[in-house]
Structure formats: C-alpha cells, structure tokens
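Trainee: okay, predicted coordinates and the sequence, questions at the end:
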Amino acid sequence: MVAPSDPFFAECLAAKEALKFAISIQCRSIVLEGDSSLVISALRSDEHALSEGGLCVSSAKELFSHFNVIRCSHVIRTANSAADVLAKKAISCSDSRSWSGECPEFLRIVLDSDCNPSLVQ
C-alpha cells in the first residue's frame, strides 16, 4: 500500500482505520483523538466535501453508527506522541500488527506521557 501524500487525507485515513479497528473489537463507546484540528473539525461537521479527503471523512462518519457514544477530540501534537511513534513504526512494517494485554516496551514511556488529560482540547 502506498502512503497518501496529502496530510489531511492521511490523517483522515488513520482515523477511519482506528474506527474500523474499534468496531472489530466490539467497542461501543469511544473517544477518537487526533492532532489534526482540520480532520477533527471535519468529523464533527455536518458538511460534505467531494475532495479525496472529504470522501474519506464521509466514509469515516458512516462508521459512527456502529457506536453508542463517539466523541472526536483534538489533542495538541505533543499529547499525541504515541500515534507518531506508531506511525513511524508502521513505515518499517510490511504487515498489519495489533497488541492486546501488555503494551510493547517501545510504547510504554510514550503512553505514560500521552495520558495527561490536561492536554486534550
């Protein structure tokens, strides 16, 4: 799979994949956090755009119906370093990976710093 070159589309695609994963593990209530205020605003909006990113937003919103409660929250980039670490790790992987139970060591320290609720906007 070729990585998208448009940052808005890439962020939206990541949000959509997160929603699909949450559905696959049968989550009913979620908080979707992202450091792209444009993507979070688009996901919260009732407007529709016909751009590649806009179509991705629309298809992500279609997944909202799988949840009883969904909240989309913008977080400052420094509060989202776990996502950055995972994105960089994904670039070097040729397959899909997920973890359950214990968190991988490379993420543990990063997650501790990301879990500060005062950084959520």
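Mentor: Right, received. Where do you want to start?
Trainee: who touches the residue nearest the centre of the chain in this structure?
Mentor: With distances taken as Cα atoms, centre = their mean, Ala15 lies nearest the centre of the chain, 3.5 Å away. Listed by Cβ atoms under 8 Å, 6 or more residues apart in numbering, the contact set of Ala15 reads Leu32, Gly34, Val39, Leu43, Ala60. All C-beta spots, glycine's among them, are computed from the backbone N, C-alpha and C.
Trainee: which of the residues you listed are buried?
Mentor: Buried members of the contacts of Ala15, scored by 16 or more other Cβ atoms under 10 Å, are Leu32, Gly34, Val39, Leu43, Ala60.
Trainee: just the CA coordinates of the longest helix seen in the chain, formatted as PDB?
Mentor: Secondary structure of the chain per DSSP state H: the longest helix is helix 7-24. Below are the C-alpha coordinates for helix 7-24, written out as PDB (Å, rounded to 0.1, in the frame of the first residue of the first chain):
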ATOM      1  CA  PRO A   7      -1.500  15.100   5.100                       C
ATOM      2  CA  PHE A   8      -5.300  15.700   5.600                       C
ATOM      3  CA  PHE A   9      -6.200  12.500   3.700                       C
ATOM      4  CA  ALA A  10      -3.500  10.600   5.600                       C
ATOM      5  CA  GLU A  11      -4.900  11.800   9.000                       C
ATOM      6  CA  CYS A  12      -8.400  11.000   7.900                       C
ATOM      7  CA  LEU A  13      -7.500   7.600   6.700                       C
ATOM      8  CA  ALA A  14      -5.800   6.900  10.100                       C
ATOM      9  CA  ALA A  15      -9.000   8.000  11.900                       C
ATOM     10  CA  LYS A  16     -11.100   5.700   9.600                       C
ATOM     11  CA  GLU A  17      -8.800   2.700  10.300                       C
ATOM     12  CA  ALA A  18      -9.000   3.400  14.000                       C
ATOM     13  CA  LEU A  19     -12.800   3.400  13.800                       C
ATOM     14  CA  LYS A  20     -12.700   0.100  11.900                       C
ATOM     15  CA  PHE A  21     -10.400  -1.400  14.500                       C
ATOM     16  CA  ALA A  22     -12.700  -0.300  17.300                       C
ATOM     17  CA  ILE A  23     -15.600  -1.900  15.500                       C
ATOM     18  CA  SER A  24     -13.600  -5.100  15.100                       C
END
